[in-house]
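1. The sequence and its predicted three-dimensional model are supplied below.
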Number of protein chains: 2
Amino acid sequence: MTEEQQPRIKIDACFSPHLYPVYADGESIVVIIDILRATSAICTAFEHGAEKIIPVATVDEAREWKKKGFLAGAERDAIQVEGFDFGNSPFSYMGDVVKGKTIAITTTNGTQAIDAAKDAYKVVIGSFLNIDALCEWLIHEQRNILLLCSGWKNKFNLEDAIFAGAVTEALTSNNDHFKLGDACLALKYLYQMAKQDPYKFMSQASHKERLARLNLKKDIKYCLTPNLTRVIPILKDGALVKMQAEEVLAKSVS
Amino acid sequence: MTEEQQPRIKIDACFSPHLYPVYADGESIVVIIDILRATSAICTAFEHGAEKIIPVATVDEAREWKKKGFLAGAERDAIQVEGFDFGNSPFSYMGDVVKGKTIAITTTNGTQAIDAAKDAYKVVIGSFLNIDALCEWLIHEQRNILLLCSGWKNKFNLEDAIFAGAVTEALTSNNDHFKLGDACLALKYLYQMAKQDPYKFMSQASHKERLARLNLKKDIKYCLTPNLTRVIPILKDGALVKMQAEEVLAKSVS
């Protein structure tokens, strides 16, 4: 097959878990995005050796896992729910406390997005922390891609959109096999405006006051840091496990 | 009340009728946007003297109105449905054929958005054709604003997003009383990229092939033309009627 004949791979973006059914086609890889902070925390936990993460939609479900003896994280409205081991700050998912562990987790937005997309062909977790590994793997897969932004309570949010734009730019900068949906076209331009200083750009966001009030500056700066890990969390039988980009990419070469 | 104490007016944007319930607050003015072509056609019809436009969600409902002796327009997938007087091309809603008439209309996206938002505080129709009048009136109203993009079958589309960005820029360029939601922040940047040549920018859009196939170049250029009318269609008791910006604005001065 010549280069010209190759089918073009579609990339689209969806700005709300509530809208996912409109975009779902059963064939695309779905990238879950919740930059502040669920998907950044999940990538961090795997980088620090977590064995498995069980995303659940409700606080009650997370509590059930905790009763069974597992570690459990629960966040609502950016605050850790009482009685849990973690909220969704990436800094709490570091070190020996997570190493080798299975952790149940529920968050305001990110785990809702995972739940919405759970029947997709493949579901992976994206964040600035693993962006290069993620994009290399997406190019390797040669499948249509849906970037599912978790947003804030089903509304569009800026940080997830900027990240989806960053992925779009990374995927399309060196090849033209990708056919962009309108949302990705728009996001690519947005990222071009944001990329010089994402933190400053983000400071315009609607919930900046809320985040400032919660003293999350350190978290935000961390969550906007690219490539701290090569791990790509992937959903298997209802739980996230780690896929190491190198292993997959190496197999395809050998 | 000093200027500093004035409450800031919120502007947000919603990219899909399906997502409207997430944004609905019962208090905002909702601007319905379907640039290609429903809201452009509706503004055109009123500029040409139409008396009333009854937006209906289904082709069957439109057919019922036609049976009762009314003019009726029906479009699905950008094509006029057989047996109707109009599709959604603005050029068909011009001249004596619409003057003084009541017209029932159903379209793939625009009338679905009107239907979704019908219980909002006020529902008005926006297009490039009436953008200045619309923005002057919105500033005059001093109410929260939701820009409801009709999209394409509940997915994000570029032309509605660009228009929502144009409205955001117009409203915020000379005053800082508006507090932008994240979607409007992103759209304002998008419009800055698009405004020099919206037609060229639009030519990247996902459905450019479909539109080119249907020979809609003339329609698109018309629909991107600013300020051909001062009419603002507004929903009253289930029907759109015309509000003349000058009359409302003059009243507020006198």
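-> Yes, it's here.
2. May I ask you to confirm that residue A:139 is in contact with residue A:171?
-> Yes - between residue A:139 and residue A:171 there is a contact under Cβ atoms under 8 Å: 6.5 Å. No exception for glycine: its C-beta is placed from N, CA and C like everyone else's.
3. Same drill for the two, tell me which one is more crowded.
-> Of the pair residue A:139 and residue A:171, residue A:171 is the one with more neighbours under other Cβ atoms under 10 Å in any protein chain shown, namely 23 against 17.
4. Spell out which helix or strand contains that one, please.
-> Element membership of residue A:171 [criterion: DSSP states H and E] is helix A:158-172.
5. Pairing partners for the helix or strand that comes right after that helix, with directions?
-> Using DSSP H and E, the helix or strand that follows helix A:158-172 towards the C-terminus is strand A:178-180. Strand pairing for strand A:178-180, using DSSP bridges, gives strand A:9-14 (parallel).
6. Touching the partner strand from outside, list them.
-> A:20, A:22-23, A:28, A:142-149, A:161, A:164, A:168, A:171-172, A:177-181, A:183-184, A:187, B:155-156 (Cβ atoms under 8 Å, 6 or more residues apart in numbering or on different chains).
7. how big is the angle separating that strand from helix A:158-172?
-> Taking axes from the mean of the first three to the mean of the last three Cα atoms, to 10 degrees, one finds strand A:9-14 and helix A:158-172 inclined to each other by 180 degrees.
8. Show me what the helix or strand just after strand A:9-14 is packed against.
-> Under the assignment DSSP H and E, the closest C-terminal helix or strand after strand A:9-14 is helix A:20-23. The elements that helix A:20-23 packs onto, with contact taken as 3 or more Cβ pairs under 8 Å, 6 or more residues apart in numbering or on different chains; DSSP states H and E, are strand A:9-14, helix A:110-116, strand A:145-149.
9. tell me the average confidence for the last one?
-> Per-residue pLDDT values across strand A:145-149 average out to 98.
10. so does that strand get close to chain B?
-> No - if you take Cβ under 8 Å from any Cβ of the partner chain as the test, strand A:145-149 misses chain B, and the best it gets is 10.5 Å.
11. Indicate each strand paired with that strand and its parallel or antiparallel sense.
-> Short version: by DSSP bridges, strand A:145-149 pairs with strand A:9-14 (parallel), strand A:29-33 (parallel).
12. Please work out which of these is packed deepest.
-> Of all the strands paired with strand A:145-149, strand A:29-33 has the most neighbours on average by mean count of other Cβ atoms under 10 Å in any protein chain shown, namely a mean of 28.
13. Export the helices and strands packed on helix A:20-23 to JSON lines and append columns for distance to residue B:78.
-> Compiled in JSON lines, the helices and strands packed on helix A:20-23 are given as follows (distance: least, Cβ to Cβ, whole Å):
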{"stretch": "strand A:9-14", "distance to residue B:78": "20"}
{"stretch": "helix A:110-116", "distance to residue B:78": "30"}
{"stretch": "strand A:145-149", "distance to residue B:78": "24"}
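14. who's in contact with stretch A:195-208?
-> Outside stretch A:195-208, the residues that reach it (Cβ under 8 Å, 6+ apart) are A:152, A:157-159, A:162, A:166, A:169, A:193-194, A:211, A:220-221, A:224, B:180-182, B:185.
15. how about a cut-off of 7 Å?
-> The contact list for stretch A:195-208, computed with Cβ atoms under 7 Å, 6 or more residues apart in numbering or on different chains, reads A:152, A:157-159, A:162, A:193-194, A:220-221, A:224, B:181-182, B:185.
16. Narrow the residues you listed to those that are buried.
-> Among the contacts of stretch A:195-208, those buried by neighbour count (16 or more other Cβ atoms under 10 Å in any protein chain shown) are A:152, A:157-159, A:162, A:193-194, A:220, A:224, B:181-182, B:185.
17. Tell me the one among these nearest to residue A:238.
-> Set against residue A:238, the nearest of those by Cβ to Cβ is residue A:152 (25.1 Å).
18. Isn't the closest one up against residue A:112?
-> No - counting by Cβ atoms under 7 Å, residue A:152 sits too far from residue A:112 to count as a contact (10.9 Å).
19. Please spell out which residues along stretch A:72-86 are buried.
-> A:72-75, A:78, A:80-81, A:84-86.
20. what sits up against that stretch?
-> Contacts of stretch A:72-86 (Cβ under 7 Å, 6+ apart): A:59, A:62, A:65-66, A:71, A:87-88, A:92-93, A:103-108, A:210, A:214.
21. let's see 8 Å
-> Against stretch A:72-86 from outside (Cβ under 8 Å, 6+ apart): A:37-38, A:41, A:59, A:62-63, A:65-66, A:71, A:87-89, A:92-93, A:97, A:103-108, A:210-211, A:214, A:216.
22. What of stretch A:151-160?
-> Contacts for stretch A:151-160 (Cβ under 8 Å, 6+ apart): A:15-19, A:33-36, A:108-109, A:149-150, A:201-202, A:204-207, A:223-224, B:12-13, B:15, B:19, B:22-23, B:181-183, B:185-186.
23. Pick out the residue of the stretch 1-150 of chain A closest to chain B.
-> Ranked by Cβ to the nearest Cβ, the top residue of the stretch 1-150 of chain A for proximity to chain B is residue A:22, at 4.5 Å.
24. got the residues of chain A near chain B?
-> Checking chain A against chain B by Cβ under 8 Å from any Cβ, the hits are A:12-13, A:15-16, A:18-19, A:22-23, A:152-158, A:161, A:180-183, A:185-186, A:189-190, A:193, A:204-206.
25. For residue A:150, which residues are in contact?
-> A:17, A:32-34, A:38-39, A:109-110, A:112-113, A:157, A:160.
26. need those in JSON lines with distance to residue B:51 and pLDDT, can you?
-> Conversion of the contacts of residue A:150 to JSON lines gives the following (distance: Cβ to Cβ, whole Å; pLDDT from 0 to 100):
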{"residue": "A:17", "distance to residue B:51": "43", "pLDDT": "98"}
{"residue": "A:32", "distance to residue B:51": "50", "pLDDT": "98"}
{"residue": "A:33", "distance to residue B:51": "48", "pLDDT": "98"}
{"residue": "A:34", "distance to residue B:51": "50", "pLDDT": "97"}
{"residue": "A:38", "distance to residue B:51": "53", "pLDDT": "96"}
{"residue": "A:39", "distance to residue B:51": "53", "pLDDT": "98"}
{"residue": "A:109", "distance to residue B:51": "47", "pLDDT": "94"}
{"residue": "A:110", "distance to residue B:51": "51", "pLDDT": "94"}
{"residue": "A:112", "distance to residue B:51": "46", "pLDDT": "95"}
{"residue": "A:113", "distance to residue B:51": "47", "pLDDT": "97"}
{"residue": "A:157", "distance to residue B:51": "43", "pLDDT": "94"}
{"residue": "A:160", "distance to residue B:51": "45", "pLDDT": "97"}
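27. export those residues to JSON lines and tack on distance to residue B:231?
-> Rendered in JSON lines, the data for those read as follows (distance: Cβ to Cβ, whole Å):
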{"residue": "A:17", "distance to residue B:231": "38"}
{"residue": "A:32", "distance to residue B:231": "45"}
{"residue": "A:33", "distance to residue B:231": "41"}
{"residue": "A:34", "distance to residue B:231": "43"}
{"residue": "A:38", "distance to residue B:231": "47"}
{"residue": "A:39", "distance to residue B:231": "46"}
{"residue": "A:109", "distance to residue B:231": "41"}
{"residue": "A:110", "distance to residue B:231": "45"}
{"residue": "A:112", "distance to residue B:231": "42"}
{"residue": "A:113", "distance to residue B:231": "41"}
{"residue": "A:157", "distance to residue B:231": "35"}
{"residue": "A:160", "distance to residue B:231": "38"}
